[in-house]
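K.L.:
requesting a structural model of the entry that follows:
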Amino acid sequence: MHIGIVARLDIPNAIQLGREMIEFLLKKEIKVSVDSSLIDFLPEFEELKMKLDKMDTDMIIAIGGDGTILRTQNFIDGKKIPIIGINLGTVGFLTEVDEENAFEAVEDILEGKYFIEKRTQLRVYHGRELPSALNEVVILTRKPAKMLHIEIKVDEEIVEELRADGLIISTPSGSTAYSMSAGGPIVDPRVEAFIIVPICPFKLGARPIVVPNKSKIKVKLLKKGKKAIAVIDGQFDEEINYLEELIFIKSDDSAYFIRLNQDFYQRVREKLTEGGINPIMK
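P.N.:
Numbering: from 1, shown residues only. Below is the predicted model of the structure:
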């Protein structure tokens, strides 16, 4: 087996766990590749250095939180490399195990005690194809305290025309992220759907909408002189101008995760109880 290692770099515990995980795998004679940005903090493993977008491993261990997983998926999109997330962030809906169970979980994986979960992604176009979204695309005004005037179409039918602080187009994976905070529903990742969530709409009747993931969603800016920014998974920004359209369809490429338990609803209950507070961050 060939395993890649990625870690969040602004948490010392994540870097240290990365070091321990590398040593653990090498002792088991597992081939290891380490994200080049992590090697800057672990120069003793220089010979294992590899850029994330060049990795072609059997799996990747991502140490951090959902942000670390989203960054990793952005770089390996299309390669079908499954990710196992070790949570050192805050809530971590996409992560599978906590720090204290990390080595036991990896032992189980090496023994074949796991399954692969496939997650839908959004393909995004703005005159050209942009990076895909695993969680969501958030459309916001360039200027704080200013509203956007937006037209939303689903399969060429106008669904809504509204003024709002912004708009979220979310996958089921992203339904427990910003979409949920903005009032959207929690959607089981097995459901083949996308969620459209207005952010603070001026129109009281503008509510979140769940649409089939076979739909084509179009979002157009209608107010002249108002620019917007589309943020894809918090990793990539794209400026949108008057009368320009963003187009969203289901991506042909899915994201893949290593799971030890099929416990989505239990994970939701636990994470929502925690409320996003982690002692590490205090």
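K.L.:
domains of this structure?
P.N.:
Residue ranges for the domains of the chain, per automatic domain parsing: 2-120+254-281, 122-250.
K.L.:
got those domains as CSV, with mean pLDDT columns?
P.N.:
Listed next are the domains of the chain as CSV, based on pLDDT from 0 to 100:
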stretch, mean pLDDT
domain 2-120+254-281, 90
domain 122-250, 93
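K.L.:
would CSV of those with mean neighbour count be doable?
P.N.:
In this view, the C-beta of every residue, glycine as well, is placed from N, C-alpha and C. What follows is these, written out as CSV (neighbours: other Cβ atoms under 10 Å):
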stretch, mean neighbour count
domain 2-120+254-281, 18
domain 122-250, 18
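K.L.:
which phi and psi does the closest residue to Q262 other than its chain neighbours have?
P.N.:
Distance criterion Cβ to Cβ, 6 or more residues apart in numbering; nearest residue to Q262, sequence neighbours excluded, is F115 at 7.7 Å. Dihedral angles phi and psi of F115 (degrees, to the nearest 10) take the values phi -140, psi 160.
K.L.:
kindly provide the distance from F115 to E96.
P.N.:
Distance of F115 to E96, given as Cβ to Cβ, to the nearest Å: 11 Å.
K.L.:
list residues touching both of these two?
P.N.:
Residues touching both F115 and E96 (Cβ atoms under 8 Å, 6 or more residues apart in numbering): 258-259.
K.L.:
mind listing what the residue nearest to Q262 touches?
P.N.:
F115 neighbours (Cβ under 8 Å, 6+ apart): 258-259, 262.
K.L.:
so where do the strands sit in the stretch 101-250 of the chain?
P.N.:
Assigned by DSSP state E, counting those that start in this stretch, the stretch 101-250 of the chain shows strands spanning 115-119, 122-125, 129-133, 136-141, 148-154, 157-170, 193-201, 209-212, 217-221, 228-232, 236-240, 245-250.
K.L.:
what strands flank the fifth one, and is each parallel or antiparallel?
P.N.:
Pointing back at strand 148-154 there. strand 157-170 (antiparallel), strand 217-221 (antiparallel) (DSSP bridges).
K.L.:
got the angle between it and strand 245-250?
P.N.:
40 degrees (axes from the mean of the first three to the mean of the last three Cα atoms, to 10 degrees).
K.L.:
and strand 148-154, how far out from the chain middle?
P.N.:
24 Å (Cα atoms, centre = their mean, to the nearest Å).
K.L.:
list the contacts of it.
P.N.:
With Cβ under 8 Å, 6+ apart, strand 148-154 has contacts from 139-141, 158-167, 196, 209, 211, 215-223, 226, 228.
K.L.:
if we can go back for a sec, format the strands paired with strand 148-154 as CSV; extra columns: distance to A105.
P.N.:
Listed next are the strands paired with strand 148-154 as CSV, based on distance: least, Cβ to Cβ, whole Å:
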stretch, distance to A105
strand 157-170, 28
strand 217-221, 37
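K.L.:
which of those sits closest to G4?
P.N.:
Each of these has some distance to G4 by Cβ to Cβ; the shortest is strand 157-170, at 27.4 Å.
K.L.:
residues in contact with the closest one?
P.N.:
Against strand 157-170 from outside (Cβ under 8 Å, 6+ apart): 122, 133, 135-141, 147-153, 174, 177-179, 182, 184, 194-203, 206, 209, 217, 219, 222, 228, 248.
K.L.:
now do stretch 65-78
P.N.:
6-8, 14, 52-53, 55, 60, 62, 83, 85, 87-95, 121, 131-132, 134-135, 177, 233-236, 253, 255.
K.L.:
quick check: K146 touching A228?
P.N.:
No: counting by Cβ atoms under 8 Å, K146 does not reach A228; the two are 9.8 Å apart.
K.L.:
quick one: end-to-end distance for stretch 21-35.
P.N.:
13 Å (Cα to Cα, to the nearest Å).
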